[in-house]
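Student: Task: produce atomic coordinates for the following.
(chains A, B and C)
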Amino acid sequence: MKKVSVSFTLNGDPVTAEVPVTWSLLKTLREYFELTGAKEGCGVGECGACTVIVDGDAVNACLYPVFEAEGKSVMTIEGIAGEDGTLHPIQTAFLENNGVQCGYCTSGMIMSAKALLDQNQGPMEDEIRTSIAGNFCRCTGYVQIVEAIEMAAREME
Amino acid sequence: MIDYDYKKPESLEEVFSLLKEYGPKATLIAGGTDVMVNIRNTKKAPEVLISLRGLKDLRYIKKNKGYHIGALTTHRMLELSELVKTELSALYDGASRIGSVQVRNVATIGGNICNAAPSADTAGPLLVLDAQVVLEGPKGRRNVPIAEFFTGTYKTVRKQGEVLVEFQIPAEMGHFGSAYWKHSRRKAMNLPILGIAVSLKLDDETITDARIGLTVAAPTPVRAYKAEEFLKGKQLTGDVLKEAGKIAASPECCSPRDSIRGEAWYRREIIEVYVARMAMLAAEKIKNR
Amino acid sequence: MSDHLFVGKSIPRTIEADKVTGKAVYIDDMKRPGMLYGKILYSKYAHATIKSIDTSKAKKLTGVRAILTGQDIPDVRVGFLRDQTVLKKDTVRQFRDEVAAVAAVTPEIAAEARDLIEVEYEELPAVFDPFEAMKEEAPLVHEVDARGRPVKNNILPLPWKFEAGDIEQGRKDSAYITTDNVSTTWVNQCCMGTSGCVAEFDNSNNLTLYNQTNVIFGHIGRITEYFSQIGLKGKKIRVVNAIVGGSFGTKLDTDIYEFISIQLALKTRKPVKILFDREEEFRALPPRQPAVFTIEQGCDKEGRLTFRKCEAILDNGAYTSWGATTPSVMIMPMSSLYRVPNVLYKATCVYTNNIYCQAMRGYGNPQATFAVETSMDTLAEKAGIDPAEFRMINRNRSGDETPMRLKITSCGFEECINSVKEKLNWDEKKGKQKGRGLGMASLIHVAGGARVTRSDGHGMMVKVDEYGHVDVIESGTDQGQGSPTVITQIVAESLGVRPEDVFLTFGDTALALWDAGTHASRHTFMAGNAAVRACAKAKHQILDMAVEHMPKIIKGGFKRKKRKDPDFVEPELDYGLIADPENLDIRDRMVFPKKDPDHPYFRIPVSQVLRQGLLGSGESKVVVAEAFYDPPTEMLDRELKGNLSKTYAFGTTGVEVEVDEQTGEVKILNLVAAHDVGKAMNPTLLLGQIYGAAYTGVGYGLTEEIKVVNGKVMNPGFRDYQMLTAMDVVPIEPVIVEPVDEDGPYGAKGVGEPGLVPTAPAIANAIYDAIGVRIRDLPITPEKVLAALKEKG
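Tutor: Numbers count the residues shown, from 1 in each chain, chains lettered A, B, ... in the order given. This next block holds a predicted model:
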């Protein structure tokens, strides 16, 4: 197995991973860094459960070759709460408005929402729906997720 | 077990020399949304992946006598470009309907076209925008009209040592109105059951020029030339567009198949209906300018 | 009633904060020391004889720890009708048949070893259509039954026949009769978390199965039986759930991969994890059962139903799981949705070489309700009665006993129909818009447990420590439905503490009392009732403590005051007020006399009482209570009749659609979902159940289908399996109807499944209103609509 050494910023900290070249960013996050919030719901970019933010953009970590992370800034669900554990407004809104049920899609869903709200402070409903169109959820019918993101947007204004 | 090495060149020259060194053992990877999925699904990998992400100069959308789009421009960049949305609207329609935001953030237009799937969402728009594909090799550049680029399903005229670097769209296409319809059962995360792109030019209510591009209607994305010919010089009326739809849906213009995503008869129906609808939408784009 | 502090309030899901921070541990995230990874090799044919299996190449791979084939493990039959073995030795009967399994140090090595196993097959004739399979000349899917006796045909030995009243008399009483042929197809539950488990044995061969089941004790039963046949009789089995990434019916049975992980763990003496990838989830997980119905109904001149006759044919696939029993659940809507005096319902399950099936949200009810509600519309039309009025005439009422002997207690059916009519502007719009239309459909569902096993009980343990923290040992499971919050509300309310004082443990058989399973929309009703009872006991213990210790606490306080302030005069108090536990209450962490809740001296923190009870003078005591709630309901008798649930849920879904007559595309403009829920325990969470179920129902109605061609799943991924995305906007307007149920905890009834049940037929009925074309085959794809329009001309 050919290995690669990749250095990048992970949730604000400089890190280096020595992993097989063939690993995805998702596998590296889950196995090497033991950050298991991002999930492999399909492994082929069709479900969004693995969504993380790379240099400000939401991406599917399952399709992101780890070697492409060199020099990038990667943010995961584990990195968005305050250092004292204060939840990010999106996390709070998901709990307040029942945007989470089984929770499996939630990490990815919140990261997609965060990428949106970081770039667009007052999104319209269709922009919210577009931003999470790649995040499947079987529990909620998306209604309360969309409402939660709207709540968070108001909170973050 | 799947194993491969990777290279991250920072210039085209480096890419050419790596392509020369590794020959068919190497695969170019841009956004990776097709390449990584293929490796997983086929359990087969090339010896070397040559990443194009280091070629930062190939990400651009420019208007400079004609339109120039770098091959590594992501679909998300196209989707967010006011220029694309207003002047090349079919391309906006196509790019903004690919996969999800996560996919569009990394997947590139060059990758979408080089992958040459019959369902590529940017192929129809590029066909009706008369795009030229610019290929560059160690010996220089050559331009290929997009209509001649695809030679079969997942096959193109690109040679092993070449890199797709740019799409060029003639300036006059900015005077056309264009629209693309991705027909699918749900609104996102699909491959199209059928893709219909139409561009046209109007002189008052007369259609002076038209292009129709169809995807998933044949082994490669195709132009419906007969239907285009029919439209030229005709008045923009419902009946005329309906007739154009009929011609476009006929065996003279396409050869859709039955597949798990849709039946051939239904695909023809959709071509008939949506050629007319997209033509009307394209005309509205002109009128709204 | 209105003075509840927590019940009925939209308390946030703060208790589940781990799910928004990435900390929640799902089966995917679980690792045990020395854990190996298992992979399964499936069949290459729908029906074939296994000639040979060569594992030599796979064995040579570094990192492989075990390879098992059917030759290596005891030939033990499992499944509802004991019709399959864990690994198939001689014959494969479907593409998902498990032929071999590997355990290795990484999932990648296990997968590569699996791919190196060479199997030689000889293909056998196969049958993929249940009607073909019933013919005499059809190839047999099984040559022998569980006991080795030869079988004559592919029909399952489960003759479902329900009869009540007299069909012929019903026919005579009818002024109008219609017959409809309707059908439904396979759909996948699409849990976002895929199937998986970790099996681990201790040195004495006691098993711990880390899992994500809904029925922890059902697993114990099935694995105990399996153990008794593989030489592990008497061994202890513990099932411990990880956080469950969705269930929707997939986690009721013990699936084959679980037995395989057990066998691999036994062989390697290491913990073994099996985790499905998404493709396996589509290919190797039993989906919802497809069904074909012929339904005939009649009504008299006044529109009263006279009879209902229905025959169902179900494609069972190659083996039996909880798909084979869906006809039993169908009896409920067939016999009891609307008042119908004479009923005949027959269902035949047929073995084919297709994938086999299991439960999915609603469990047979969505299929059967699609048949009944299609027929209700065609019959109303024939009788010349507005379909809403027709349903109103025939609605179930409180006090009814249905032909199945269901006893209808609380019933908000009438209000559900009326709210849908009102919200959709039914009387103004129905039948009057071209290309747009209205439709409705209703449902009945169990909402107070479902006695499908001898015990329908639910056990609950409540332990209150000396700081006032409450540990609740839940015997149910949490798959995302919101129970941690709802049970917390009930416990906090019943015990007089705050939600943040309550801590729940779900899904561990070593800790929990017995439970029949978190299925059948039963959890809030059953666990809620158990919680109310357990908390009442615990509260009583605390109040006994209070009687003993409150005077001492209060007098001690006076003594301290006096030490500080010699002028302090101890007040004259009537200690009789706190001398009897019956006269005391606890609320919001405070103990106080009922007659004088704001008494200046007799209102003290419950934690003080609890500490004194344990550590003060006198006998040291702890507070712990349990309750096992098993409602007075009946199992179905030989005639398939009996009041199997303590109460029933009703609901009506109304839909307005717009149909594109050139393309056959259907757009939902409005969906009103009116549900009789007894009492909304947590309105925000309740809405989540209704939205989610309705959305899945829209998928069932319009987009979702597993395409199975000659036994093979052709769309094993989210790209081609058309589950709806966030961009497929369905405007849903929920209506909560609350006819407080006297048997429910604080009046609540179950609501987990109902939202899905009537959605598809409501859509079909609305499409008919819009374009005069009725689609009787799910899903209602644009192709089907357009083809029907063309046929109509």
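Student: any idea how far C:Ala101 is from the closest residue to C:Pro107 other than its chain neighbours?
Tutor: Of all residues beyond its chain neighbours, the one nearest C:Pro107 is C:Tyr37 (4.2 Å), with distances taken as Cβ to Cβ, 6 or more residues apart in numbering or on different chains. In short, each C-beta sits where N, CA and C put it, glycine included. Between C:Tyr37 and C:Ala101 the computed distance is 11 Å (Cβ to Cβ, to the nearest Å).
Student: re the thing from before, so what are the sheet partners of the helix or strand where the residue nearest to C:Pro107 lies and their directions?
Tutor: If you go by DSSP states H and E, C:Tyr37 is part of strand C:36-42. Using DSSP bridges, the strands paired with strand C:36-42 are strand C:98-104 (antiparallel), strand C:272-275 (parallel).
Student: Over to A:Leu35. Which of the three states is it?
Tutor: Secondary structure assignment for A:Leu35 (DSSP: H, G, I helix; E, B strand; the rest coil): coil.
Student: Quick check: closest non-adjacent residue to the closest residue to chain B within chain A.
Tutor: Residue of chain A nearest chain B, by Cβ to the nearest Cβ: A:Gly134 (2.1 Å). Of all residues not flanking A:Gly134 in the chain, B:Ser100 sits nearest, at 2.1 Å (Cβ to Cβ, 6+ apart).
Student: give the contact list for the one you found.
Tutor: By Cβ atoms under 8 Å, 6 or more residues apart in numbering or on different chains, the residues touching B:Ser100 are A:45, A:48, A:60, A:133-135, B:188-189.
Student: Mind pulling the model confidence for it?
Tutor: With respect to pLDDT, B:Ser100 scores 98.
Student: Would you check how far apart the residue positioned nearest the centre of chain B and B:Leu129 are?
Tutor: Taking Cα atoms, centre = their mean, the centroid of chain B lies closest to B:Ala123, which sits 1.9 Å from it. According to Cβ to Cβ, B:Ala123 stands 11 Å off from B:Leu129.
Student: One more: B:Thr122?
Tutor: Relative to B:Leu129, B:Thr122 is positioned 10 Å away (Cβ to Cβ).
Student: Mind listing the shared neighbours of the two?
Tutor: Contacts common to B:Thr122 and B:Leu129, judged by Cβ under 8 Å, 6+ apart, are B:Leu91.
Student: The two: which has the busier surroundings?
Tutor: With neighbours defined as other Cβ atoms under 10 Å in any protein chain shown, B:Thr122 and B:Leu129 compare such that B:Thr122 has more, 33 against 28.
Student: List the contacts of C:Asn425.
Tutor: Contacts of C:Asn425 (Cβ under 8 Å, 6+ apart): none.
Student: Against C:Gly654, how distant is it?
Tutor: C:Asn425 is 10 Å from C:Gly654, by Cβ to Cβ.
Student: Same question for B:Asp130.
Tutor: From B:Asp130 to C:Gly654 the distance is 50 Å (Cβ to Cβ).
Student: Between these two, point out the one with more neighbours.
Tutor: The neighbour count for B:Asp130 versus C:Gly654, taken as other Cβ under 10 Å, is higher for C:Gly654 (30 against 18).
Student: That one: which element?
Tutor: strand C:648-659.
Student: list the helices and strands that strand packs on?
Tutor: Applying 3 or more Cβ pairs under 8 Å, 6 or more residues apart in numbering or on different chains; DSSP states H and E, one finds that strand C:648-659 contacts helix C:413-423, strand C:436-446, strand C:666-676, helix C:759-771.
Student: okay, those in CSV with mean pLDDT next?
Tutor: Converted to CSV, the helices and strands packed on strand C:648-659 look like this (pLDDT from 0 to 100):
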stretch, mean pLDDT
helix C:413-423, 98
strand C:436-446, 98
strand C:666-676, 98
helix C:759-771, 98
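Student: I'd like these as a markdown table, with mean neighbour count appended.
Tutor: Listed next are the helices and strands packed on strand C:648-659 as a markdown table, based on neighbours: other Cβ atoms under 10 Å in any protein chain shown:
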| stretch | mean neighbour count |
| --- | --- |
| helix C:413-423 | 22 |
| strand C:436-446 | 28 |
| strand C:666-676 | 24 |
| helix C:759-771 | 28 |
